[in-house]
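In: Next input, structure requested:
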Amino acid sequence: MSKIFLIDVGRCTGCYNCQLACKDEHCENDWTPYAAPQPLTGQFWCRVSEHVQGSIPKVKIHYIPHLCAHCEKAACMAVCRTQAISRRADGFVLIDPAKCAGCGECIRACPYDAIYFNDKLRIAQKCTGCAHLLDHGSTQPRCAEACPTDAMRFGEESELAEALVGAKPLTPGGKIWYKNIPGEFIGGTVYDPVEKEVVIGARCLLTGEGKTLTAETDSYGDFWFRDLPAGGTYDLLISADGFADKRFDGVSTAASVNLGDIPLERN
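Out: Numbers count the residues shown, from 1 in each chain. Down below sits the predicted model:
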């Protein structure tokens, strides 16, 4: 049966528990033949990355845990000269520390930077899915077990089928599935420079990339267009009763956009 990880980015708070639990399990612990000890520094078999979108005060932050994808067509396996890399029946791809020659070809072949080189032992190392624990009665790898918000779940693909709706793996056939990764956003604050008050209920019309989206400014004068595809180009029209329309043409979502404080002129 195929085991997978499901990572719900919308639930991840950036506590780094998964990253710390992985280090605690593998640093200075010898789990041969699954894995030799992980060095104290330089390797993160489970690595959390921080993603900051927008600019103050329109800022959104999300966190993404990264692990070896245990790819169905693993590039690391294809280039290994000593057959040190193999796939288990549950789908996990492991590097046998006793067979690894330390040539580094697998590290160079991995497109996700998920394989590390142990300078002391002269071998390649990576996430094992805590196979040493699963083979001896545990139901969860340490990273998933340590997650306080269920942002990281682990189990049979069939058991997680309902939760997998809207998720996708990092690579076709990969064992790490992600969902709710935020897209880019366009936001701003609309205000009346004469009264020095925000404009509530201003109508915002965003067009581009074959779509038309609408929003209204809230009680703080803020508007948001969220989860936009990266690299899009949009035109924005802002209108409110008693004010002249305001336009922004060619707004790019190469990155999230904070249009800042937007003054409206009275008619």
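
In: Read off the pLDDT value for residue 170.
Out: For residue 170, the pLDDT comes out at 81.

In: Use 886 as the first number from now on
Out: Right, with 886 as the first residue, what we last looked at is residue 1055.

In: Leaving out the residues flanking it, which one is nearest to it?
Out: Leaving out its chain neighbours, the residue that sits closest to residue 1055 by Cβ to Cβ, 6 or more residues apart in numbering is residue 954, at 4.6 Å. Every C-beta, even on glycine, is put in place using the N, C-alpha and C of the backbone.

In: For the residue lying closest to residue 1076 once chain neighbours are set aside, give me its contacts.
Out: Leaving out its chain neighbours, the residue that sits closest to residue 1076 by Cβ to Cβ, 6+ apart is residue 1083, at 4.8 Å. Counting by Cβ atoms under 8 Å, 6 or more residues apart in numbering, residue 1083 makes contact with 1074-1077, 1102, 1104-1107.

In: Tell me where the stretch 986-1135 of the chain has strands.
Out: Under the criterion DSSP state E, counting those that start in this stretch, strands of the stretch 986-1135 of the chain are mapped to 1001-1003, 1008-1010, 1037-1041, 1053-1054, 1061-1064, 1069-1077, 1082-1083, 1088-1093, 1096-1101, 1107-1113, 1118-1124, 1131-1137.

In: any weak-confidence spans in the stretch 886-1035 of the chain?
Out: 886 (pLDDT under 70).

In: mind redoing it with 90?
Out: 886-887 (pLDDT under 90).

In: which stretch in the strands of the stretch 986-1135 of the chain has the least confidence?
Out: Out of the strands of the stretch 986-1135 of the chain, strand 1053-1054 stands lowest, with a mean of 92 (criterion: mean pLDDT).

In: List of residues touching it?
Out: Taking contacts as Cβ under 8 Å, 6+ apart, the residues outside strand 1053-1054 that touch it are 889, 954, 1060-1064.

In: try 10 Å
Out: Residues from elsewhere that reach strand 1053-1054, judged by Cβ atoms under 10 Å, 6 or more residues apart in numbering: 889-891, 954-957, 1059-1064, 1066.

In: What strand or helix carries the residue positioned nearest the centre of the chain?
Out: Residue closest to the mean C-alpha point of the chain, counted by Cα atoms, centre = their mean, is residue 949 at 3.2 Å. When elements are assigned from DSSP states H and E, residue 949 belongs to strand 943-951.

In: Report the contact partners of residue 994.
Out: 959-965, 1000.

In: Please list all residues in contact with residue 1082.
Out: Shown in contact with residue 1082 (Cβ under 10 Å, 6+ apart): 1076, 1106.

In: quick one: it and residue 1105, what's the gap?
Out: In this view, residue 1082 and residue 1105 are 11 Å apart by Cβ to Cβ, to the nearest Å.

In: Give me the common contacts of these two.
Out: By Cβ under 10 Å, 6+ apart, the residues touching both residue 1082 and residue 1105 are residue 1076.

In: count of neighbours near residue 974?
Out: The local packing of residue 974 (other Cβ atoms under 10 Å) involves 8 other residues.

In: brain fart, residue 906
Out: By the measure other Cβ under 10 Å, the count of residues near residue 906 is 19.

In: do the same with the one 3 residues further on
Out: Residue 909 has 12 neighbouring residues, counting by other Cβ under 10 Å.

In: Let me know whether it touches residue 1027 as I believe.
Out: Yes. Between residue 909 and residue 1027 a contact is recorded at 7.1 Å, counting by Cβ atoms under 10 Å.

In: How about stretch 998-1008, which residues are buried there?
Out: By 16 or more other Cβ atoms under 10 Å, the buried positions in stretch 998-1008 come out as 999-1003, 1008.

In: Return the distance of that stretch from the chain's centre.
Out: Chain-centre distance of stretch 998-1008: 24 Å, with Cα atoms, centre = their mean, to the nearest Å.

In: Stretch 980-990 now?
Out: The chain centre lies 29 Å from the centre of stretch 980-990; the measure is Cα atoms, centre = their mean.
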